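J.: I need the structure of the sequence given here:
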Amino acid sequence: TVLTVGGVRYPKGIGAHAESTIVIPVNGACHGIDGVAGVDAETGSAGSVTFEIVADGTSVYTSPVVTSGQSVTFGVPLNRPTTVSLLIHATADGNTSDHADWANPRLSCD
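T.: The predicted structure is shown next:
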């Protein structure tokens with residue numbers, strides 16, 4: 001399935017519903033992560049989330065609130081963690097229609 005975030009179609013990525021946590025074991029081989037994150041277009045005008053990246057239990061990136069039709073681009077240096085976690089959080093309005101995407105996420109690894 002193609003993801004659509006901020007009006008752009010992405011052939012690769014990870015879609016999830018808030019609250020979600022995706023844990024990626026990287027075993028100390030990665031020094032960065034980048035991509036685009038946003039609420040999937042399938043939600044219409046609904047949905048609002050924040051995105052967070054956690055490396056070995058420490059938050060290394062938190063987005064502002066992202067609503068339908070919006071996206072954020074992220075590029076985060078990593079200090080060769082054992083795990084990288086991608087989290088999607090619901091905002092104060094609850095998690096109705098919080099279908100969100102990590103579009104074209106790319107780990108930079110040795």
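J.: which stretches of the protein have low pLDDT?
T.: Residue ranges of the chain with pLDDT under 70: 1.
J.: Identify each of the helices in it and give its residue range.
T.: For the chain, no helices are identified by DSSP state H.
J.: which residue is nearest the centroid of it?
T.: Closest residue to the average C-alpha location of the chain: W102 at 3.9 Å, with Cα atoms, centre = their mean.
J.: Quick check: that residue vs D93, distance?
T.: 21 Å (Cβ to Cβ, to the nearest Å). Bear in mind the C-beta positions are built from the backbone N, C-alpha and C, glycine included.
J.: ditto for H31
T.: Per Cβ to Cβ, H31 is found 36 Å from D93.
J.: ok, the residue nearest to the centre of the chain - contacts?
T.: For W102, the set of contacting residues under the criterion of Cβ atoms under 8 Å, 6 or more residues apart in numbering consists of 13-16, 22, 35-37, 51, 86.
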